[in-house]
Each structure stands twice: as C-alpha cells, then as structure tokens.
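S.K.: Below are the sequence and a predicted model; questions follow.
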Amino acid sequence: MANNPFLDILRIKDLRDRILFTALVLVIFRLGAILPIPGIDLAALRLYFASQQGAGAGIIEYLNFFSGGAFLNFSVFMLGIMPYISMSIIMQLLVVVFPRLKKIQEEEGGKKKIQRWTRIGTIFVSLIQSYTVTIYANQIPDAITMAHLPYTLLAMLTVTTGTIFLMWMGEQITQRGVGNGISLIIFAGIVARMPNAFVELVDRVRAKELNPVFVILVFAMFVGVVALVIIEQQGQRKIPVHYAKRVVGRRMYGAQSTYIPFKINPSGVIPVIFASSVLTFPIQIAQSLGQRVNWLGELSYWLQPGGAPYIIIYALLIIFFAYFYTQVTLNPIEISKQIRENGGSVPGIRSDKLEEYLNRILSRIILPGALFLSFIAIIPTLVQHFFNFPVQVAYLMGGTSLLMIVGVDLDTMAQIEGHLRMHHHEGLVKKGRIRSRNL
C-alpha cells in the first residue's frame, strides 16, 4: 500500500477538505435538479413529455440532457449554468468590439468589474429564459396548479435565483474546492445522465431494436475517439525562445532558452460550450413561443438538434469561437511585445516579423483543431442516425459531453496531482505527469 495516491489524498488535510467541499456542492446541485419549481404538477408534466414525438421531443431531450435532467423536472436549476455562459460570451464579444471596454479590462481591478457586469447580465438573460419557460408550461394541459400571473412571477424568480445560486456555487468550487467550478457543474449534469442512458441501451438490445454487433462497434469507436481527444487536448507545438544576457538593477541574468507551448487546440472545449450555449438560447425561446408565433415555430423545427441546418450552424460556430477565443487568450501582438521587452528572440525569425510568424503558426494550429472539434460535435448525430442509438447514449458518444468529460477529468486530476506533488507525494500516475488542458 506504499505510495498509494488515494491514501495520500486522505492524508493531506487541505486536499481532503477541498475534495469533500466539491463533492458536497455537487450533491446540492443534484438535489436542486430534482426539486420542482412551485405551482407545477409533475404527473401532468411527465405525461405530456412522454407523449411528445418528432422534432419537439428532440429539442426537449437536448435541453434536458445538458441541464442534467433538470429540464424535464421543471426544477429550480432547469436553466443550468448556460445563462452565465451565454452572458460571458456576450461580454467577451463586447470587450473585443468596444475599445473602451478593453481599456477598462486592462486597468487595475478591471477584470473584477467586467466579471461584476457579467453577473448582472446573467440575471437579465435568466429572466428572459425563465419567462419563456413559463409560457411553455402554459401550453401543457393541467401542468400549472395556480393562477397564471402569480405562477409566472414565482417561476421567473425561482428559476433565476437557481441559476445565480449555481453560478455562485461554481465560483465557490473554484476558490475552495478542486477543479473549475462551472465546468464541474456541467460535468456533473452530464455524468448524472449516464445510468439512465445505459439502462435504455440495454433495454433496446433486449427488445432486439439494436444489433449487439453495432453496439460493440460503436463502443470500440468511442474508446478510439476518447484516446484521440486526450491526445488532442494535451498536444503542443513548442516555439523555442532564446533570451540574451541582461542586467536588471545590480544583477546580471545569464542567457537562457525556453519555449512557448502552443496547444494543438488552444481554446480547449470552450468553442463547443460557447456554440452549444449560443444555439440553446434561440432553441429554447423558439420551442416555448412556437405555438404562439408562427415564424418561431418554423425556426424551432428548422433548428431541431440533429437536422442538417443545426449541424452546419453548430460546426461553423465552433470554428468561429475556436479562432475568436484563441485570439483573445493568445494575442500574438502581446506575446511578441513581451518577448522583445525581455530581450528574447525566436531562432531564425527577425524581430519585426515575430508577430507575423506567431500568427501563421496559430492559424495552422487552430484550423485542424477546430475541424477536429466540429467532427467530435457531430458524432452524436451520426451515431443516432446510422445506428439508431438512444438519444441520451448518442450524446455521450461525442460533442460537448465527451469533450467535457475528458477535459474536466484531465483538469481536475492535474490539479489534484499538483497538490500531491506540492506536499512531496508522488502523483496520480507512476510515469510522467498529467497535463491540464488549460493554457
């Protein structure tokens, strides 16, 4: 039992407390996902959802899957963390578009100010989405057990409060737990759907609706895709940088060589999350208001998950956000400026051509990485279309769920390993070191 990483985790009080705190918060999240909002008849709700067929059912299953089952329960967490992510996207776009906001962000305390505005904006996004939810509930026979106006106000307040509480819990995990809190909440919602998904798969095989050979083939493909995702998440292009001797104050620093690690996919899973969030917002509004507004009903049908328009828009959004997020986080102009100010140089590249060189390298890296993300994102549709797999199982085979499961797992294990090594223990793996997907 010597050098057992699990025993080492239990011995380190700080790490043990962080893990227990994270687990407690995730348990609270799962309890909130099954707690319905006031004024809802769950029996009528489940009867209605069970009767849904066609495009509407696909959109409902899509919204339910990425809320961890909270949507079908009309729970206090039914919007999940997506309103916060949507507002984060909007704020990042505004920072790029408006120089005044960018200047505020670069000032001392500017990031905290932008974060505060993002939280305030999340409230408004949640109010809009929660209002569409109340309209959607009005279309379900016998689902509402109280008067319309009190129910609308109470539902909007409850669902918005649930989203803000989720956002706060995510921040608490980041500060006092292990891993990124927002990512872990999404991760927990996806993992919670796994048991139901596999039970449904077994039932389909027993009913002879699925060929067992196809099931084995798809799972073998799934293992291969997971391996490719891990390789892609940890792959790097190292740009060598040489620093000359320099004098700082009364001290002289010798020449040294280092490198800039450009990831194969610098933005990680962010483009897929952003694309999903951007599409979820109009899908939910169109689904809720479709019966009242004709063109929204047509939009709801046109944007149904799995359809050709949805897949094309989804893939294009992933590619766009891959380029956009990389330019925001890895600005070649800023990197070149820092290298020059510290007396550094890239071998074989003139100083005035450094920005152009880094731009060219990033462009070559981002395109295959973005195309790979797009391919992973459409795997659920391919599995469902060609092999007739249940929707829940298909979503687990690729897309946001697969990337989140692999990426968040790598990040969390890397952070735990960092704590172990900081306390002079061996890491979680005997050889090498787990690398986070984070930059």
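M.R.: Received the coordinates, thanks.
S.K.: Surely residue 401 touches residue 189?
M.R.: No: Residue 401 is beyond contact range of residue 189, at 9.4 Å (criterion: CB atoms under 8 Å). From N, CA and C alone the C-beta is placed, and that goes for glycine too.
S.K.: so residue 208, which of the three states?
M.R.: Three-state assignment for residue 208 (DSSP: H, G, I helix; E, B strand; the rest coil): coil.
S.K.: For my notes, confirm residue 241 occurs in a strand.
M.R.: Yes: checked against three-state DSSP, residue 241 lies within a strand.
S.K.: Can we start the residue count at 803 from this point?
M.R.: Got it, the first residue is 803 from now on, which makes the last one we talked about residue 1043.
S.K.: How about the contacts made by the nearest residue to it once chain neighbours are set aside?
M.R.: Nearest residue to residue 1043, sequence neighbours excluded (CB to CB, 6 or more residues apart in numbering): residue 1146, at 4.9 Å. Applying CB atoms under 8 Å, 6 or more residues apart in numbering, we find residue 1146 in contact with 1043-1046.
S.K.: can you check residue 939 too?
M.R.: Residues near residue 939 by CB under 8 Å, 6+ apart: 842, 876, 945-946, 953, 957.
S.K.: Please narrow these to those residing in helices.
M.R.: Under the assignment DSSP state H, these contribute 953, 957 to helices.
S.K.: out of the contacts of residue 939, which are buried?
M.R.: In the contacts of residue 939, burial by neighbour count holds for 842, 876, 945-946, 953, 957, counting by 16 or more other CB atoms under 10 Å.
S.K.: Of all these, the one with the weakest confidence?
M.R.: Note: of the buried ones among the contacts of residue 939, the lowest pLDDT belongs to residue 945, at 77.
S.K.: Leaving aside the residues adjacent along the chain, what's closest to that one?
M.R.: Nearest in space to residue 945, with sequence neighbours left out and distances taken as CB to CB, 6+ apart, is residue 846 at 4.7 Å.
S.K.: can you pull the contacts of that neighbour?
M.R.: Per CB under 8 Å, 6+ apart, neighbours of residue 846: 942-945.
S.K.: so can I have TSV of the contacts of residue 939 showing distance to residue 1039?
M.R.: Putting those into TSV (distance: CB to CB, whole Å) gives the following:
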residue	distance to residue 1039
842	52
876	47
945	54
946	56
953	55
957	49
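S.K.: Let me know the closest of the contacts of residue 939 to residue 1114.
M.R.: residue 876 (31.6 Å; CB to CB).
S.K.: so how far is residue 955 from the closest one?
M.R.: Per CB to CB, to the nearest Å, residue 876 is found 16 Å from residue 955.
S.K.: Same question for residue 1039.
M.R.: Going from residue 1039 to residue 955 by CB to CB gives 54 Å.
S.K.: more neighbours, these two?
M.R.: Using other CB atoms under 10 Å as the criterion, residue 1039 and residue 955 rank with residue 1039 on top: 15 against 12.
S.K.: Which residue, other than its chain neighbours, is closest to the more buried one?
M.R.: Among residues not flanking residue 1039 along the chain, residue 1064 sits closest, at 4.5 Å (CB to CB, 6+ apart).
S.K.: pretty sure that neighbour contacts residue 1164?
M.R.: Yes: applying CB under 8 Å, one finds residue 1064 in contact with residue 1164, separated by 6.6 Å.
S.K.: what touches both of the two?
M.R.: Residues touching both residue 1064 and residue 1164 by CB under 8 Å, 6+ apart: residue 1132.
S.K.: and the contacts of residue 846 as JSON lines, adding distance to residue 976?
M.R.: Output for the contacts of residue 846, formatted as JSON lines (distance: CB to CB, whole Å):
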{"residue": "942", "distance to residue 976": "37"}
{"residue": "943", "distance to residue 976": "43"}
{"residue": "944", "distance to residue 976": "42"}
{"residue": "945", "distance to residue 976": "36"}
